[in-house]
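Engineer: Pasting the sequence and the predicted model now:
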Amino acid sequence: MKISTALDSIISVFFPQSALKRKYYRDCLSKAKRSETYAAAKTDRMTGAWSPTSISVNDLIRNSGQTVRNRIRQLVRDFPYFKRAVQITLDYTVGDGIMFQSRILKPDGKLDKVKNTQTEDAFRFFADEADVSGNLHLYEMMRLSKRQDLENGEFLFVKVKSRKRNSFLPFAYQIFEPEQLADQPYRPVGKAYAFDQGMEYDPKTGRVVAYHLYEPDSYGSIVRIKAENVRHKFEVLRPGQRRGISPFTPAVLIARDVGEYLDAEIDRAKMQSKYLAIVHAENPIERQGNVITDTETSQKIDELQNAIIEYLRPGEDITFASAAQQGANFDPAMSLLIRMISITIPCPFELLAGDYTGFSYSTGRISRNDYEQQLRPISSRHVRHFCLPVVGDFYNEGVMSGKLDYPGFFNSPWKWMRNEWQPPGMAPIDPLKETKAAVDMIKTLQKSPQEIMRGRGKDPEEVLKDFKQFREMADEYGLGDIFNNIISGNISTATANNPDAVMNDQEEKIDRVVNLFREIRQ
């Protein structure tokens with residue numbers, strides 16, 4: 001570059017015209033090189049001020065995480081759409097709880113019903129005592145953890161020794177707020193480790209070895225807890241990330257705009273409703289002197305009554321206020337803003353807004369399919385982050401305490417740790433259409449009955465147990481043939497559509513079916 005500049009200087013002395021040509025062509029070459037970029041990276045008069053800085057994800061979360069958490073919590077408390085978004089996501093991902101199901105197999109590959117029943121019974125005992133404070137069931141802790149994940153972008157709970165006498169298992173869990181991760185270490189960490197945002201970690205691998213937490217109600221006291229006893233989980237968006245950020249973050253400013261827009265419209269309507277008429281007078285002081293004053297607010301009060309004719313003094317006039325109509329752009333603008341929130345969270349617009357205007361079965365089914373696809377990784381991540389660590393502790397502590405009889409568990413644990421977790425699922429939009437479609441899928445081997453039942457939040461084994469129990473009751477009451485006809489579909493069209501066409505010898509059995517259902521309800 002220096003040689004080229006020196007050569008240009010020499011040429012410019014002896015051959016000025018050639019020097020100008022060289023400079024012109026060099027500038028064209030430079031522009032051509034600069035234009036070989038993505039359009040999104042070009043800098044012009046429209047994008048010149050848009051120059052985001054490159055910053056590590058941990059610096060980004062460290063600098064803004066607390067502010068974002070506080071704003072989202074405030075919006076969830078006060079902004080209806082954020083509160084509804086959290087509630088909907090909780091209901092569809094966790095519901096009453098993602099149900100644990102043991103799936104231990106016998107050597108022949110069949111389910112070991114005895115061991116599975118014993119394991120599930122033991123898990124129920126443990127679930128009742130899982131919270132160290134005794135306030136929450138395990139499934140309620142699961143729901144609270146998901147709420148923390150939505151509002152804070154992370155959840156944190158610690159395995160502690162159970163404080164309850166004669167507890168089924170000797171451990172329990174304690175949930176912490178993310179703010180309880182200390183901003184300074186309990187004590188200086190060793191040379192091999194580093195500290196950041198409450199975590200002591202290996203800088204070579206990023207693996208956390210210990211957590212430093214502020215003790216609840218201890219005025220700043222810090223305790224160091226080994227990482228093996230801490231369940232700190234979040235969605236990793238960039239490599240090396242050590243803390244989480246709420247998925248609601250991109251919608252915060254939009255939600256604030258929606259709230260201010262609504263407040264402005266409501267205030268406008270309220271102000272318009274307060275002014276019925278305006279009196280124009282040459283002497284306002286004399287006019288107001290005869291008007292009653294509110295003793296509480298010290299405001300002048302005047303009123304108009306029905307069928308009253310008021311004679312005005314000279315120079316006075318009354319103009320009646322006409323309320324301006326709501327802007328034609330209000331509904332479209334609100335819909336657009338709510339849609340932007342719904343695609344960010346994510347949550348379908350109709351569920352978030354509670355607006356099903358113009359909805360048909362087809363559009364509802366499309367929306368439901370999209371939402372199911374979006375929820376699948378969210379539910380799966382909560383199973384991996386919450387359910388599997390918890391059930392792993394349950395297996396280990398259960399075997400060591402003698403509550404679970406698993407021979408050779410520590411040599412070969414996986415055959416005993418086979419399990420499934422059943423999310424809540426979704427009810428059908430049109431049960432008749434979707435049931436017929438499900439039957440066709442089973443017949444064409446596109447889906448199994450188990451898959452369809454699980455998609456609706458049902459445990460196939462429990463469904464079959466219920467049918468078996470009902471079949472036994474039907475046989476006890478002499479109604480087995482009717483039950484068989486219902487299951488096999490061998491009911492005539494006349495009987496199905498017109499109860500009066502039922503033969504006389506079947507009327508008594510139908511009455512007995514009705515009585516049976518009444519007894520079951522009782």
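Structural biologist: Arrived safely.
Engineer: check which helix or strand covers residue 142.
Structural biologist: Using DSSP states H and E, residue 142 sits within helix 138-152.
Engineer: Let me know the next secondary structure element after that helix.
Structural biologist: strand 154-161.
Engineer: Using CSV, write down the CA coordinates of that following strand.
Structural biologist: Extracted C-alpha coordinates of strand 154-161, given in CSV (Å, rounded to 0.1, in the frame of the first residue of the first chain):
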residue,chain,number,x,y,z
GLU,A,154,-35.0,-19.7,34.1
PHE,A,155,-36.0,-21.7,37.2
LEU,A,156,-33.9,-22.8,40.1
PHE,A,157,-34.6,-25.4,42.8
VAL,A,158,-32.3,-27.1,45.2
LYS,A,159,-32.2,-30.7,46.6
VAL,A,160,-32.2,-30.5,50.4
LYS,A,161,-32.6,-32.9,53.3
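Engineer: roughly how far out does that strand sit from the chain middle?
Structural biologist: Centroid separation for strand 154-161 versus its chain: 20 Å, with Cα atoms, centre = their mean, to the nearest Å.
Engineer: Report the buried residues of it.
Structural biologist: Neighbour-count burial for strand 154-161, counted by 16 or more other Cβ atoms under 10 Å, picks out 154-159. The C-beta positions use only the backbone N, C-alpha and C, and glycine is treated the same way.
Engineer: got the angle for it vs helix 138-152?
Structural biologist: On the basis of axes from the mean of the first three to the mean of the last three Cα atoms, to 10 degrees, strand 154-161 is oriented at 140 degrees to helix 138-152.
Engineer: could you point out which element follows strand 154-161?
Structural biologist: Downstream of strand 154-161, the next assigned helix or strand under DSSP H and E is strand 171-176.
Engineer: got the buried residues for that following strand?
Structural biologist: Quick answer for strand 171-176 (16+ other Cβ under 10 Å): 171-173, 175-176.
Engineer: Now do the same for the helix holding residue 142: mean pLDDT, whole number.
Structural biologist: Averaged across helix 138-152, pLDDT comes to 95.
Engineer: just stretch 481-489 next, same as before
Structural biologist: Mean predicted lDDT for stretch 481-489 stands at 66.
Engineer: Ok, stretch 385-404 next?
Structural biologist: 95.
Engineer: just how off-centre is it within its chain?
Structural biologist: On Cα atoms, centre = their mean, the centre of stretch 385-404 falls 27 Å from the chain's centre.
Engineer: Next: stretch 337-347.
Structural biologist: 12 Å.
Engineer: Output the below-cut-off pLDDT ranges for this structure.
Structural biologist: Scanning the chain for pLDDT under 70 picks out 1-8, 11-14, 28-37, 48, 218, 272-316, 318-328, 482-483, 485-522.
Engineer: how close does the residue nearest to the spatial centre of the chain sit to residue 151?
Structural biologist: Nearest to the centroid of the C-alpha atoms of the chain, with distances taken as Cα atoms, centre = their mean, sits residue 89, at 3.6 Å. Computed with Cβ to Cβ, to the nearest Å, the distance linking residue 89 and residue 151 is 11 Å.
Engineer: which residues in the stretch 201-350 of the chain form strands?
Structural biologist: Listed in chain order, the strands of the stretch 201-350 of the chain (DSSP state E, counting those that start in this stretch) span 208-214, 222-226, 230-234, 277-280, 292-293, 300-301, 317-320.
Engineer: Going along the chain, name the helices of the stretch 201-350 of the chain.
Structural biologist: Ranges of helices in the stretch 201-350 of the chain, per DSSP state H, counting those that start in this stretch, are 252-274, 284-289, 330-344, 349-353.
Engineer: For residue 58, which of these is the nearest?
Structural biologist: Nearest to residue 58, of all the helices of the stretch 201-350 of the chain, is helix 252-274, at 20.5 Å by Cβ to Cβ.
Engineer: So what's the gap between the closest one and the chain middle?
Structural biologist: 26 Å.
Engineer: Summarise which helices and strands that helix is packed against.
Structural biologist: Here helix 252-274 touches helix 57-78, helix 80-93, helix 330-344, going by 3 or more Cβ pairs under 8 Å, 6 or more residues apart in numbering; DSSP states H and E.
Engineer: export the ones you listed to a markdown table and tack on distance to residue 420?
Structural biologist: Putting the helices and strands packed on helix 252-274 into a markdown table (distance: least, Cβ to Cβ, whole Å) gives the following:
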| stretch | distance to residue 420 |
| --- | --- |
| helix 57-78 | 32 |
| helix 80-93 | 16 |
| helix 330-344 | 31 |
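Engineer: So for residue 243, which of these sits nearest?
Structural biologist: So among those, helix 57-78 is nearest, using Cβ to Cβ, at 4.8 Å.
Engineer: quick one: the closest one to strand 230-234, angle?
Structural biologist: 90 degrees.
Engineer: now for helix 57-78, which elements pack on it?
Structural biologist: Applying 3+ Cβ pairs under 8 Å, 6+ apart, one finds that helix 57-78 contacts helix 80-93, helix 138-152, helix 252-274.
Engineer: List the buried residues in it.
Structural biologist: For helix 57-78, by 16+ other Cβ under 10 Å, it's 57-58, 61-62, 65, 68-69, 71-72, 75-76.
Engineer: Next: stretch 463-478.
Structural biologist: residue 474.
Engineer: Give me the distance between that stretch and the centre of its chain.
Structural biologist: 39 Å.
Engineer: Let me know the secondary structure of the nearest residue to residue 456 once chain neighbours are set aside.
Structural biologist: Among residues not flanking residue 456 along the chain, residue 425 sits closest, at 4.6 Å (Cβ to Cβ, 6 or more residues apart in numbering). When classified by DSSP: H, G, I helix; E, B strand; the rest coil, residue 425 comes out as coil.
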